[in-house]
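# sequence and predicted structure are below.
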Amino acid sequence: MDVEFSFAGSSDLVTQLTQGAYADVFASADHRNMDRAAEAGLLDGAPVDFAANTLTIAVTPGNPKGIRSLRDLSDPEVRVVLCAPQVPCGHAASAVEEAAGVDLRPVSEESSVTDVLNKVTSGQADAGLVYVTDARDAGERVTAVPFPESARAVNTYPIAVLKESQNATGARQFLAAVTGTAGQTVLRRNGFAAP
């Protein structure tokens, strides 16, 4: 099966789809954006949850600011970057802030986790809230600092076949591969939790 991927923030992908971009399958980092796709009449069938992810604090290697908790990010001396509230990672960040009773004041709000990581790895920020899987993929470019409040904002990832698919059979096969045993094994190996 040949698969071509198009990666972007979930809210950006829904916008692209509603504006006529072509795809066979849509996978979202949250239900909010999948619901937007459903409301726009884009889905062929019900979405299926296939993975889950939580936030971690990504800091520059060696953690020079000594960040150990979410509360440490409220220190005015710490330059924090978050995802914008309308994207899944930003929505999750707002939930953990509320759960911890912390008011974070980011130096910038980004449209994707990748952009947050880039700010941290380039030295433009001391820390950022990113998904566990993204911090893991960044390798030695960041140090991940887990925090207990992240359990209050687990993002569940749904996937669905799109009505406009020109290869509905292939799309269903791909969905089955992602949600099946082999796909789930690959996802776990790469840091995703079960939905």
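Received the coordinates, thanks. Keep in mind it's a predicted model, so treat the numbers as computed, not measured.

# can you count the residues close to Ser28?
24 (other Cβ atoms under 10 Å). All C-beta atoms are positioned from the backbone trio N, CA, C, and that covers glycine.

# what are the phi and psi values at Leu82?
Dihedral angles of Leu82 (phi, psi; degrees, to the nearest 10) stand at phi -130, psi 160.

# and the nearest residue to it once chain neighbours are set aside, how far from Pro76?
For Leu82, ignoring the flanking residues on the chain, the nearest one in space by Cβ to Cβ, 6 or more residues apart in numbering is Pro106 at 4.4 Å. Distance from Pro106 to Pro76, counting by Cβ to Cβ, to the nearest Å: 12 Å.

# quick one, which of those two is more surrounded?
Neighbours per residue (other Cβ under 10 Å) separate Pro106 from Pro76, with Pro106 holding more: 21 against 7.

# what is the three-state secondary structure of that one?
The assignment at Pro106 comes out as coil when based on DSSP: H, G, I helix; E, B strand; the rest coil.

# now it. Its backbone dihedrals?
According to degrees, to the nearest 10, Pro106 has phi -70, psi 150.

# wait, isn't it in contact with Val81?
Yes - between Pro106 and Val81 a contact is recorded at 5.6 Å, counting by Cβ atoms under 8 Å.

# against Leu42, how distant is the nearest residue to Ala168 once chain neighbours are set aside?
Residue nearest to Ala168 in three dimensions, not counting chain neighbours: Val161, with 6.4 Å by Cβ to Cβ, 6+ apart. Counting by Cβ to Cβ, the gap from Val161 to Leu42 is 10 Å.

# ok, Ala92 next?
Note on Ala92: its distance to Leu42, by Cβ to Cβ, is 23 Å.

# looking at these two, which has the bigger crowd around it?
The neighbour comparison of Ala92 against Leu42 (other Cβ under 10 Å) goes to Ala92, with 25 against 19.

# pLDDT at the more buried one, what is it?
As predicted, Ala92 sits at a pLDDT of 94.

# from Arg152, how far off is it?
Distance, Ala92 to Arg152, by Cβ to Cβ: 9 Å.

# any idea of the pLDDT on Val107?
Looking at Val107, its pLDDT stands at 98.

# wait, doesn't it sit right on Arg79?
Yes - Val107 is within contact range of Arg79, at 4.9 Å (criterion: Cβ under 8 Å).

# would you map the helices across this structure?
10-18, 31-39, 88-100, 113-121, 132-138, 168-179, 181-189 (DSSP state H).
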